[in-house]
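Asks: Got a sequence here, can you build the structure:
(one chain, ligands or ions: 1)
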Amino acid sequence: MSSAAATSVATVPNEKSPVEIHKGINGLEKVILRDIRGSSVESNFKPPKPIRGGIPICFPQFSNLGSLEAHGFARNRFWIVDPSPPPFPTHSSNKKYVDLLLKPSEEDTKIWPHSFEFRLRVTLGPAGDLMLTSRIRNTNTDGKPFTFTFAYHTYFSVSDISEVRVEGLETLDYLDNLQNRQRFTEQGDAITFESEVDKIYLSTPTKIAILDHEKKRTFVIRKDGLPDAVVWNPWDKKAKAMADFGDDEYKHMLCVEAAAVEKPITLKPGEEWRGRQELSTVPSSYCSGQLDPRRVLQGS
Ligand code: TA6
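Replies: A predicted model of the protein is given here:
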């Protein structure tokens, strides 16, 4: 473990666990997962609002596609850390992980009348890669199936949105949230940004790359079980209208969200769904031709 891992730890749920639980903003608990290189992930919570940034979990509803609050209730709830999570099925001793659990409260079942167990495994790989695996199980005892939509609403930090390109979504169909979710087909080589964007790309490949020209850094998203990909930047007017978003912050962020939106997932009692996202970064200097973004997408 890194020396940073030896800092004050309020609770260690499991001796072998790399998880630290600290007091976060407003005295609420935050969970830090740290690996040997010092890479870390952290989450905190500031009720009753969802946290802007990071990777909010949209469940059981994406956006306003249903009767629930926008993006569902999971991102506004307290999750618990599983003190004895099941091991990885394969040899993965060099991975640090924490399992977070969410079960519906009585209040939740009033607005979404289903019983479920949501297990979110957050894993840091040896190279600092971040993997999120969601397992959602229908635990209804009334024999009823349930249906949901889902997204990892990932916020990426970029140097300058005007210099960013997204590769892997060109030529695909998308639903445009800015035009009543009408269906269009993407034209052109890659996606670049010069105004507000809010699109749900359909049946997307398992790999998407975000090339940050100025930082010479490429984010690679690999996903499984999540056919769609939402791309969002609010641009200046919407940024100004959002209380928890700085007026100029839109220049330095981009959401690319692995999602299951167009075809909602249905689970019968006892059935489990799995949706996985892996994030990594590779150095790139696309402008000098050192790295061809297509090789990022096609490589393993
Ligand atoms: O995923 C894109 C989106 O649904 C946009 O329509 C935009 O509103 C964004 O999410 C942020 O939603 P939030 O509820 O976090 O303000």
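
Asks: The helix or strand in which Y174 is found pairs with which strands, and in what direction?
Replies: Using DSSP states H and E, Y174 falls within strand 173-176. As defined by DSSP bridges, the strand partners of strand 173-176 come to strand 182-185 (antiparallel), strand 197-201 (antiparallel).

Asks: hmm, that strand touching the ligand?
Replies: No. Strand 173-176 stays out of contact with the ligand when judged by C-beta under 6 Å from any ligand atom, the minimum separation being 10.8 Å. Heads up, the C-betas are built off the backbone N, CA and C, glycines and all.

Asks: mean confidence for that strand?
Replies: In this model, strand 173-176 carries a mean pLDDT of 98.

Asks: What ranges does the protein have for its helices?
Replies: Secondary structure of the chain (DSSP state H): helices located at 106-111, 235-241, 293-298.

Asks: Just the buried positions in the first one, please.
Replies: Within helix 106-111, the residues that qualify as buried by neighbour count (16 or more other C-beta atoms under 10 Å) are D108.

Asks: List the contacts of T123.
Replies: 95-97, 130-133 (C-beta atoms under 8 Å, 6 or more residues apart in numbering).

Asks: since we're on I32, how many residues are nearby?
Replies: By the criterion of other C-beta atoms under 10 Å, I32 has 20 neighbours.

Asks: what's the spacing between it and the ligand?
Replies: To the ligand, I32 is 23 Å away according to C-beta to the nearest ligand atom, to the nearest Å.

Asks: about what we covered before: so which of the strands paired with strand 173-176 is the most packed in?
Replies: Greatest average neighbour count among those goes to strand 197-201 (a mean of 23), per mean count of other C-beta atoms under 10 Å.

Asks: Count the residues that sit near the residue of the stretch 101-250 of the chain at minimum distance from the ligand.
Replies: Proximity to the ligand, evaluated over the stretch 101-250 of the chain using C-beta to the nearest ligand atom, is greatest for W232 at 3.9 Å. By other C-beta under 10 Å, the residues close to W232 number 20.

Asks: That one reaches C255, doesn't it?
Replies: Yes. W232 lies in contact with C255 (C-beta atoms under 8 Å); the separation is 4.1 Å.

Asks: Tell me which residues of the longest strand seen in the chain come out buried.
Replies: Longest strand in the chain by number of residues (criterion: DSSP state E): strand 253-267. Within strand 253-267, the residues scored as buried using 16+ other C-beta under 10 Å are 253-262, 264-265, 267.

Asks: tilt between it and strand 197-201?
Replies: In terms of direction (axes from the mean of the first three to the mean of the last three C-alpha atoms, to 10 degrees), strand 253-267 departs from strand 197-201 by 30 degrees.

Asks: Find me the pLDDT at the residue sitting furthest away from the middle of the chain, would you?
Replies: Within the chain, D142 marks the point farthest from the mean C-alpha position, 31.2 Å out by C-alpha atoms, centre = their mean. With respect to pLDDT, D142 has a value of 97.

Asks: ok, P85 to the ligand distance?
Replies: P85 is 28 Å from the ligand, by C-beta to the nearest ligand atom.

Asks: follow-up on the earlier one: give me the buried stretch members for the strand holding Y174, please.
Replies: Within strand 173-176, the residues that count as buried by 16+ other C-beta under 10 Å are 174-175.

Asks: Against I191, how distant is Y174?
Replies: Shown here: Y174 relative to I191, a distance of 10 Å by C-beta to C-beta, to the nearest Å.

Asks: I meant to write P83 there.
Replies: Remark: distance between P83 and I191 (C-beta to C-beta) = 43 Å.
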